[in-house]
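*Asks:* everything below, folded, please.
(one chain, ligands or ions: 1)
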Amino acid sequence: MRILILITGASGIIYAQRLLDNLDPKDCEVHVAYSKYARQIIEQELRGELRLKEGVIMHNPDDMNVPYVSGSNPFDAMVIIPCSMGTLGRIANGVSDNAVLRAADVMLKEKKKLILVPRETPFNLIHIKNMELLILAGATIIPANPSFYSLPQTVEQVADTVVARVLDHLGISHNLVRRWMNKPEEE
Ligand SMILES: Cc1cc2nc3c(=O)[nH]c(=O)nc-3n(C[C@H](O)[C@H](O)[C@H](O)COP(=O)(O)O)c2cc1C
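*Replies:* Numbering: from 1, shown residues only. Purely as a prediction, here's the structure:
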């Protein structure tokens with residue numbers, strides 16, 4: 001399985017970090033790219049760099065000489081986490097003027113998994129309409145809305161309630177959070 005993870009300039013870099021912590025490059029190819037503004041938010045929220053496991057492949061978002069810009073060689077899944085309203089709007093409206101926006105366009109046209117984890121509050125009508133367009137086009141939207149019924153005790157555990165749903169939709173097994181009504185021995 002080949003997965004492209006795009007990190008954009010929305011708040012919530014911890015979601016990207018926890019997803020990367022829970023993907024093993026030995027089990028699947030993990031490719032990562034940052035949008036133009038992601039680095040600023042990474043610096044702001046992590047006070048340093050992302051932890052990247054050995055084997056993770058980094059990409060320049062402006063480099064079109066990569067397989068995922070072509071429908072002839074699409075990846076199995078792309079996750080945009082956290083996803084800014086800017087990137088979400090560009091994809092919803094077919095703007096493909098760099099390699100990672102084009103990759104999202106390819107995922108939709110080739111009917112592959114495109115998962116967006118948007119982070120914004122409150123939403124305006126443009127955000128909602130763009131999300132509607134994306135859902136109609138086949139994307140999956142998993143908002144960065146944590147849940148609390150699993151009684152998370154740390155910020156990482158709170159973030160994991162969202163990351164668990166992303167892994168579920170990627171079809172990657174995990175036991176990040178206890179599933180509703182499961183007993184501990186069933187995890
Ligand atoms: C500290 C900070 C936090 C931000 N948080 C968000 C956010 O949560 N959601 C969002 O849509 N944009 C947020 N933005 C604005 C985006 O970074 C900005 O719209 C940018 O153009 C997005 O570009 P990108 O999608 O290419 O990363 C934030 C900006 C800053 C400086």
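
*Asks:* pull up the residues of this structure that are close to the ligand.
*Replies:* Residues of the chain found near the ligand (C-beta under 6 Å from any ligand atom) are 8-11, 35-38, 40-41, 44, 84-87, 119-120. Backbone N, C-alpha and C define where each C-beta goes, glycine included.

*Asks:* out of the residues you listed, which sit inside strands?
*Replies:* With strands defined by DSSP state E, no entry of the residues of the chain next to the ligand lies inside them.

*Asks:* which among these end up buried?
*Replies:* 8, 9, 10, 35, 38, 41, 84, 85, 86, 87, 119, 120 (16 or more other C-beta atoms under 10 Å).

*Asks:* next, format these as TSV and append pLDDT and distance to residue 95.
*Replies:* Listed next are these as TSV, based on pLDDT from 0 to 100; distance: C-beta to C-beta, whole Å:
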residue	pLDDT	distance to residue 95
8	98	14
9	97	16
10	98	17
35	93	13
38	95	17
41	95	21
84	98	13
85	98	13
86	97	10
87	98	9
119	98	20
120	98	18
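
*Asks:* nearest to residue 52 among the residues you listed?
*Replies:* Taking C-beta to C-beta as the measure, residue 52 sits nearest to residue 38 out of those, at 13.5 Å.

*Asks:* which residue ranges form the helices in this protein?
*Replies:* Secondary structure of the chain by DSSP state H: the helices cover 13-21, 38-46, 85-92, 99-109, 125-136, 155-170.

*Asks:* how about these in CSV, adding distance to residue 53?
*Replies:* Below are these laid out as CSV (distance: least, C-beta to C-beta, whole Å):
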stretch, distance to residue 53
helix 13-21, 7
helix 38-46, 16
helix 85-92, 24
helix 99-109, 20
helix 125-136, 29
helix 155-170, 15
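
*Asks:* skipping adjacent residues, who's closest to the residue in the chain positioned nearest to the ligand in space?
*Replies:* Residue of the chain nearest the ligand, by C-beta to the nearest ligand atom: residue 9 (2.9 Å). Distances taken as C-beta to C-beta, 6 or more residues apart in numbering put residue 37 closest to residue 9, at 2.8 Å, once the chain neighbours are dropped.

*Asks:* repeat that for residue 78.
*Replies:* In space, residue 78 is closest to residue 4, 4.5 Å off (C-beta to C-beta, 6+ apart).

*Asks:* which residues sit in contact with the one you found?
*Replies:* 31, 32, 33, 59, 68, 75, 77, 78, 79, 100, 103 (C-beta atoms under 8 Å, 6 or more residues apart in numbering).

*Asks:* thanks a lot, see you next time.
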